[in-house]
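Chemist: How does the following fold in three dimensions:
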Amino acid sequence: ACESFEANSFKDGDYVGKRYERYMVADGEISCNDNPLYDIILVYSSLMLVVYPIGIPLMLSLLLWRSRHQIENRVNPTGGPKLNHIEFLFSHYDPQYWMFGIVDMLRRLAMTSSLVLFYHTDEQLMFGLIVAMASMVFYKE
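Modeler: Sure thing, here's the model as predicted:
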């Protein structure tokens, strides 16, 4: 989705009026200038940048929250047939830490997807180290 926002500008031979002709980096045949297909791609990519890192953890958190009492009172790691659809989120943790699957998911998103928000490698490295050290403190507690 992030590659949809990158474009190459061409000056030689493709100069139109007072602007350069721009093409997507991901697909060099799609023009970025007044192209309805490119507009659709941008809207879809923008939507997915919100849905994946925010929507999915939020939806899974809601599912866990609604079942929290059953999870806390379970007698086996999977919680029984009523919790089969979300057991992958809590079965590895003690009942009182039922939300830890979401915390771990957010940590993984921060360590991978959030790094593209930083342009320089040293900024990515610093952010990654801060998240890793904060995670170590959190896991220890």
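Chemist: Three-state assignment for Glu29, please.
Modeler: Judged by DSSP: H, G, I helix; E, B strand; the rest coil, the three-state class of Glu29 is coil.
Chemist: May I have the residues that are in contact with it?
Modeler: Going by Cβ atoms under 8 Å, 6 or more residues apart in numbering, Glu29 touches Tyr23. Where C-beta positions appear, they are placed from N, C-alpha and C, glycine not excepted.
Chemist: Please report the distance of it from Leu37.
Modeler: Noted for Glu29: a distance of 10 Å to Leu37, by Cβ to Cβ, to the nearest Å.
Chemist: swap in His120?
Modeler: Distance, His120 to Leu37, using Cβ to Cβ: 32 Å.
Chemist: Comparing those two, which residue is more hemmed in?
Modeler: Leu37 (11 against 8; other Cβ atoms under 10 Å).
Chemist: and the more buried one, that one's in a helix?
Modeler: Yes - the assignment for Leu37 by three-state DSSP puts it in a helix.
Chemist: contacting residues for it?
Modeler: Taking Cβ under 8 Å, 6+ apart, we find Leu37 in contact with Ile30.
Chemist: same thing but at 6 Å, please
Modeler: Counting by Cβ atoms under 6 Å, 6 or more residues apart in numbering, Leu37 makes contact with nothing.
Chemist: what does Met105 give?
Modeler: If you count contacts by Cβ under 6 Å, 6+ apart, Met105 has them with Pro57.
Chemist: if you set the cut-off to 10 Å instead, what comes out?
Modeler: When contacts are counted by Cβ atoms under 10 Å, 6 or more residues apart in numbering, Met105 touches Pro53, Ile56, Pro57, Leu60, Ser61, Leu89.
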